[in-house]
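Undergrad: Got a sequence here, can you build the structure:
(chains A, B, C and D)
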Amino acid sequence: MDFSILAEAFDRMTKTSSRTELTAILVEVLKKTPKSLVSKVSYLTQGKLFPDFLGIEIGMAEKTVSKAIGKAYSFEADRIQELFRKTGDLGDVAAELSSKKSQQRLSSGKLTVESVYSTLEEIAKTSGSGSSVVRVNKLAMLLDSASSLEAKFLVRFVTGKLRLGVADFTVLDALAVTFTDDKKNRDKLENAYNLTSDLGYVADLLANKGLKAIGAVRVTASKPVRPMLAERMETAELIISQMNHEAAAEYKLDGERVQAHKVRSGEVTLFSRRLEQITDQYRDVVEGLGSLPAKEFIVEGEVVAIDWEGKYLPFQELMHRRRKYDLDAAMKNYPVVLNLFDVLLVDSHEVIEEPYEKRRAVLEKLFEGAKTKNNMMLVPAKKVKDASEIDALMEVSLASGCEGLVVKNLESSYKAGARGYAWIKYKPEYRPGVRDTIDLVVVGANHGMGRRAGVYGAFLLAAYDDEADVFRTTTKVGTGFSDADLEKISRELDAHKTKEKSPRVDAKVEAEVWFEPKVVMEIIASEITLSPIYTAGLDQIRQGAGFALRFPKFTGKIRDDKAPEDSTTVKELMEMYQKQVRQLKKEELETAES
DNA sequence: GTCCTGAAAGAAC
DNA sequence: TTCTGACAAATTCGG
DNA sequence: CCGAATTTGTCAGAAGTTCTTTCAGGAC
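TA: Numbering: from 1, shown residues only, chains lettered A, B, ... in the order given. Just a heads-up that it's a prediction; the model follows:
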């Protein structure tokens, strides 16, 4: 199958945003695709080579791909980066350079889907010393024999920014229409996808074995299930009425989600949220899990870092456990607990379809029967009937170092892969007007990419140090802006553009464009963290660390009424940092819970 | 050759 | 993780 | 009661901090 068929279809897709039209184009392609290639075409349109859980990555992104483009079309990498800044899309840069070069090219070998896929696979599987050059060369060769349209999508694919307006669900729609002539069958496909987490597999199964085989897909221990997700809501009142005035509220822990599988041979495997194997990282929770009284099971929980007293620690601490080497030392230095909150399968009984209350009961019974409960506990859960109960529990959860609550519908089954209102997450920063906002000065910016080409996509912000009369950086922000905001702010800032970083700005990070500190933005964030790269409050809490913001977002307000010197000061950031370090002792927690 | 450092990529939230 | 924008589907409104 | 207008829901793609790993390239 010629790769040009795919490239042309992709090109047509980028020109529309209508989902129905997008599916129609995909259907056309799938109809032209030989059955043996359906799975590969599915992966490719998802922007992948393999399902996530295999953890095979291309290993090339912006910088490396720029080199390959340079090599293929004889251009300096710097020049390419420069074009990239302007267009916001490396694929478009490649297409342009390719068409310039095409007159000189003697012959371009025809690319097929098979050959492209296998070269990309080789790229992904290359490793070791010298591999960078090999990657660049392989991609350059592909580009060299590609048409400009093909080059565009090869580059977009490799950088992980296909930008077709199509992802998993649209592919499923298209598969349903292509092979069953009925879009309604997408539900069945979706179910199979959620249980196998492998779109290419589902596509292949449908194309070659038919809908019956799809219906036969079951939850299986050792095969990761796409995790159920929660929708967010702003107030306890909204949540409780959504839940019909009865629900279970659980602490929302600030750690890493884990899906644990045990098979009949006794082996326990841990999967991350993106379903990669992380068993080795959390060996210390495997022992307890293995002792749960069941031959096979799938359970879910959140691993959280704890201190010597067993109190929850911030996410940053847990990050030290995301490693491959020095595991024994890490286990000692950064102990964790696995907090169980759900069960999907026990001894070939699929509890995934059971309502929450039933699943919770099964989970509790499993847990009670465990021989060793080391590093393992149940997520605290409580039935709630009104908003005040939710808010009260929220306070306790925050005081114990959690992020908030997840409120769960008592009747709902486990909806794999779905974000819906059966689970609702509730964090303090969602509540309008409750969380403190911060006013920060814009000192730099980066050019926007993709749909944000032509305006700035993110701004570098600083707090005011009134003692030194200097602006010290503390975060970048790139979310919360409407298109119009971005347009307006970008133009306004252009008036304050400087050639160099202003001497009044203290920054370790680079910005593509620097500004005179003038414009003040209102920002809201979920937390202040200790940062290795930002300079606000540097060394004040810990040597070498400043303050940064976690999940910063623009509130929509430009503070025209504030001079840059009136913005939030470094001292105030420090006070806010200290205020958030609050944790109840264990006994206090228990009394609050009951 | 070996060791160190820094840039790039990827994945958790 | 957060956020906005564009459709599509569902629901309400007005003649 | 029907078609138009409005609301709601779903999907995709912009963007954040921080941590570890991998590899290139320089120093010795």
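
Undergrad: drop to CA atoms for contacts and neighbour counts, all remaining ones
TA: Will do.

Undergrad: near DNA strand B, which residues of chain A?
TA: For chain A, the residues in contact with DNA strand B (Cα under 7 Å from any atom of the strand) are A:52, A:55-65, A:159, A:254-257, A:272-276.

Undergrad: Mind giving me the ChimeraX select for those, buried ones only?
TA: ChimeraX command restricting those to the buried ones, with burial defined by 16 or more other Cα atoms under 10 Å:
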select /A:58,59,60,62,64,65,159,254,255,256,257,272,273,274,275,276
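
Undergrad: Filter the residues of chain A next to DNA strand B down to the ones in helices?
TA: A:62, A:63, A:64, A:65 (DSSP state H).

Undergrad: Tell me if I'm right that the first one and residue A:160 touch.
TA: No: the pair residue A:62 and residue A:160 fails to qualify as a contact (Cα atoms under 8 Å) at a distance of 9.4 Å.

Undergrad: Stretch A:227-241 near DNA strand D anywhere?
TA: No: contact between stretch A:227-241 and DNA strand D is absent, the nearest approach being 8.8 Å (criterion: Cα under 7 Å from any atom of the strand).

Undergrad: What residues of that stretch count as buried?
TA: A:227, A:228, A:229, A:230, A:232, A:233, A:234, A:235, A:236, A:237, A:239, A:240.

Undergrad: Restricted to strands, list those.
TA: Applying DSSP state E to those, the entries found in strands are A:229, A:230, A:232.

Undergrad: Phi first, then psi, for residue A:414.
TA: When read as degrees, to the nearest 10, the backbone of residue A:414 gives phi -80, psi 110.

Undergrad: give the contact list for residue A:509.
TA: Counting by Cα atoms under 8 Å, 6 or more residues apart in numbering, residue A:509 makes contact with A:533, A:534.

Undergrad: Check the secondary structure at it for me.
TA: coil (DSSP: H, G, I helix; E, B strand; the rest coil).

Undergrad: can you list the buried residues of stretch A:227-241 in a markdown table and add pLDDT?
TA: Listed next are these as a markdown table, based on pLDDT from 0 to 100:
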| residue | pLDDT |
| --- | --- |
| A:227 | 95 |
| A:228 | 95 |
| A:229 | 93 |
| A:230 | 93 |
| A:232 | 90 |
| A:233 | 90 |
| A:234 | 88 |
| A:235 | 89 |
| A:236 | 91 |
| A:237 | 89 |
| A:239 | 91 |
| A:240 | 91 |
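
Undergrad: Do a quick rundown of the strands in the stretch 101-250 of chain A.
TA: A:229-232, A:247-252 (DSSP state E, counting those that start in this stretch).

Undergrad: Nearest to DNA strand C among those strands would be which one?
TA: strand A:229-232 (7.1 Å; Cα to the nearest atom of the strand).

Undergrad: and for that closest one, what are the contacting residues?
TA: Contacts of strand A:229-232 (Cα under 8 Å, 6+ apart): A:406, A:416, A:417, A:418, A:419, A:420, A:421, A:422, A:423, A:424, A:425, A:426.

Undergrad: send the alpha carbons of it over as CSV?
TA: What follows is strand A:229-232, C-alpha atoms only, in CSV (Å, rounded to 0.1, in the frame of the first residue of the first chain):
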residue,chain,number,x,y,z
LEU,A,229,-11.3,8.6,35.0
ALA,A,230,-13.1,11.3,37.0
GLU,A,231,-14.8,14.4,35.8
ARG,A,232,-14.3,17.6,37.8
